[in-house]
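Visitor: Sequence first, predicted coordinates after that:
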Amino acid sequence: MNGLKLILLVLLTVVFAWIFSLVFCRVEYYTGENSLVDGLGSDFQQYDDIFKNIYTFENKIKHFTAAETLKFVSEKLDPEMFMNATQLITSKGLPCEEHFPHTEDGFILGMQRIPHHSSKGPPVLLMHGLLSSSDCFLTNLINESLAYILHNAGFDVWLGNVRGNVYSKKHEYYSPDELKFWAWSFDEMGQYDIPAMVEYIINTTGHPKINYIGHSQGATSMLAAGMHKKGFNAKINKFIALAPAGLVPNMKSPMHYLTYIAGNIKMLYSLFGDGEFLPHTGWLSAVAKIICPETEKLCENVLFLFGGADAANINITRVPVYTAHNPAGTSTQNMIHWAQMVKNKHNNMLHYDYGYWYLNLKHYHSIYPPVYDFSEFDISMYAFCGGSDTLVVPNDCAKLLSLLPDIKHSYFIPEYTHLDFIWAVNAAITVYKTVLDILLL
């Protein structure tokens, strides 16, 4: 086992070293007269421009004084790269409130609200996907971002954030520096986070029900909540699921490679850390802020490695903003749970497997993790699936919908990838117009 672990660590080190050298080193054989890129064909031709741009960017700033560097950077960088959710909202001239509901297990969740006190119907709660935050509904232009579109259509819009991301890193008892702070997956999001936010909105607004729109994991955590908390389903008026990730056994995204070691919990923790996975404040965010304005194609490839994207569907000039706000953080345990989800080929959704029978017995009173019962999820649901989604492939999306008892309507968009549902330039017409129609039914 130690030999296998060593081999995996060596392979990961080689891969990351190769990527690092490609991005940060001026490798002349990539851009010279006999460029290696020329021999790799058109698929790699785009990288010639990338390396030339990095080289040019470096040479522009390396002789600057501090003041000149600050001036140059401020002119080059989109200010929205450095705004939080509240600032993104208020910069559009819209009102914003910050709210902090507490979960039953002590987490303090950060929420933003774009109030509309003469709203059309129940409030709308937007829930982000894996490794993201409420920012994902705010980082396109005002006529393209779902949160702004809903507000301008007359809805009271709430933006949620689950435990562990940049807006929800507080706890009544634990610090993010403690491992106990990170001992959770989307099971706890469904058991605690979603109910806490829904209950908070109901208590604040006086509406007995809310509408819920979840992307990817945001839909999964709603499924978990609806199958876990008795009486919870009656508080949801309509559930709109964008690329719902309830079943992912046929995932094509590079994330599926985690399945090869998904059964070895100890190894996964040793590779990815015991606590936070991909922290927002790490070097990845810093690199994105510096490099992306000059090398948008590079960031496009890095950002959409897991989720995938069609370059024809996104605003390339916004990529630096996307990468500055993502990844927004989650726990390693949550990522392990997703690896287990991909490995599960039984068309069901399981709770987190602790990897040892005695730990499962301690948590579940069973040596096996419990199965979520889809038949208990009786919330009226409208689902959108993407034909080019590599994370929630069409067959998995269709299979999930066939197992849920109250699917009002499903929509299939052949050209959409996983992230197009939140960032595609045509999403306002292709998806959000239908979302508005559903909410107004």
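Guide: Yes, it's here. Numbers count the residues shown, from 1 in each chain.
Visitor: Give me the below-cutoff pLDDT ranges for the stretch 301-441 of the chain.
Guide: The model of the stretch 301-441 of the chain has pLDDT under 70 over residues 301-311.
Visitor: And the helices in it?
Guide: Here the stretch 301-441 of the chain has its helices, by DSSP state H, counting those that start in this stretch, at 319-325, 332-343, 357-364, 394-403, 420-423, 427, 433-439.
Visitor: do the same with the stretch 151-300 of the chain
Guide: For the stretch 151-300 of the chain, the helices defined by DSSP H, counting those that start in this stretch occupy 186-188, 194-205, 217-226, 265-272, 283-291, 296-303.
Visitor: Any idea which of those helices has the lowest pLDDT on average?
Guide: Between the helices of the stretch 151-300 of the chain, the lowest average pLDDT goes to helix 296-303, which shows a mean of 42.
Visitor: all strands of the protein, in order?
Guide: Applying DSSP state E to the chain gives strands spanning 97-99, 107-108, 111-114, 124-127, 157-159, 170-171, 210-215, 236-242, 276-277, 330-331, 381-386, 407-413.
Visitor: JSON lines for those, including mean neighbour count and distance to I265?
Guide: In short, each C-beta sits where N, CA and C put it, glycine included. Converted to JSON lines, the strands of the chain look like this (neighbours: other Cβ atoms under 10 Å; distance: least, Cβ to Cβ, whole Å):
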{"stretch": "strand 97-99", "mean neighbour count": "14", "distance to I265": "35"}
{"stretch": "strand 107-108", "mean neighbour count": "20", "distance to I265": "23"}
{"stretch": "strand 111-114", "mean neighbour count": "24", "distance to I265": "32"}
{"stretch": "strand 124-127", "mean neighbour count": "27", "distance to I265": "27"}
{"stretch": "strand 157-159", "mean neighbour count": "28", "distance to I265": "33"}
{"stretch": "strand 170-171", "mean neighbour count": "18", "distance to I265": "23"}
{"stretch": "strand 210-215", "mean neighbour count": "26", "distance to I265": "27"}
{"stretch": "strand 236-242", "mean neighbour count": "25", "distance to I265": "29"}
{"stretch": "strand 276-277", "mean neighbour count": "20", "distance to I265": "14"}
{"stretch": "strand 330-331", "mean neighbour count": "26", "distance to I265": "13"}
{"stretch": "strand 381-386", "mean neighbour count": "24", "distance to I265": "31"}
{"stretch": "strand 407-413", "mean neighbour count": "16", "distance to I265": "35"}
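Visitor: which one of the ones you listed lies closest to M251?
Guide: Ranking those by proximity to M251 (Cβ to Cβ) places strand 381-386 first, at 13.0 Å.
Visitor: any idea of the angle that closest one forms with strand 210-215?
Guide: 20 degrees (axes from the mean of the first three to the mean of the last three Cα atoms, to 10 degrees).
Visitor: Next, give phi and psi for Y167.
Guide: The phi and psi values for Y167, taken as degrees, to the nearest 10, are phi -100, psi -10.
Visitor: residue contacts, it?
Guide: The contact partners of Y167, by Cβ atoms under 8 Å, 6 or more residues apart in numbering, come to 84-85, 109-112, 133-134, 161, 328.
Visitor: and if you look at H337?
Guide: 185-187, 352.
Visitor: For those residues, name the two members farthest from one another.
Guide: F186 and Y352 (8.4 Å).
Visitor: Looking at those two, which one has more neighbours?
Guide: Neighbour count, other Cβ atoms under 10 Å: between F186 and Y352, F186 has more, with 30 against 23.
Visitor: got the domain boundaries for this structure?
Guide: In terms of domains, the chain is parsed into 1-75, 81-281+321-439 (source: automatic domain parsing).
Visitor: Please export the C-alpha coordinates of stretch 205-223 as PDB.
Guide: Taking Å, rounded to 0.1, in the frame of the first residue of the first chain, the C-alpha atoms of stretch 205-223 are listed here in PDB:
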ATOM      1  CA  THR A 205     -40.300  37.500   5.000                       C
ATOM      2  CA  GLY A 206     -43.400  35.900   6.500                       C
ATOM      3  CA  HIS A 207     -44.000  33.800   3.400                       C
ATOM      4  CA  PRO A 208     -44.900  30.200   4.300                       C
ATOM      5  CA  LYS A 209     -43.000  28.800   1.300                       C
ATOM      6  CA  ILE A 210     -40.100  29.700  -1.000                       C
ATOM      7  CA  ASN A 211     -39.000  28.900  -4.500                       C
ATOM      8  CA  TYR A 212     -35.600  27.200  -4.800                       C
ATOM      9  CA  ILE A 213     -33.200  27.200  -7.700                       C
ATOM     10  CA  GLY A 214     -30.100  25.000  -7.400                       C
ATOM     11  CA  HIS A 215     -27.200  24.400  -9.700                       C
ATOM     12  CA  SER A 216     -25.300  21.000  -9.600                       C
ATOM     13  CA  GLN A 217     -24.500  20.300  -5.900                       C
ATOM     14  CA  GLY A 218     -27.100  23.000  -5.100                       C
ATOM     15  CA  ALA A 219     -29.700  20.700  -6.500                       C
ATOM     16  CA  THR A 220     -28.100  17.600  -4.800                       C
ATOM     17  CA  SER A 221     -28.300  19.300  -1.300                       C
ATOM     18  CA  MET A 222     -31.900  20.100  -1.900                       C
ATOM     19  CA  LEU A 223     -32.600  16.400  -2.700                       C
END
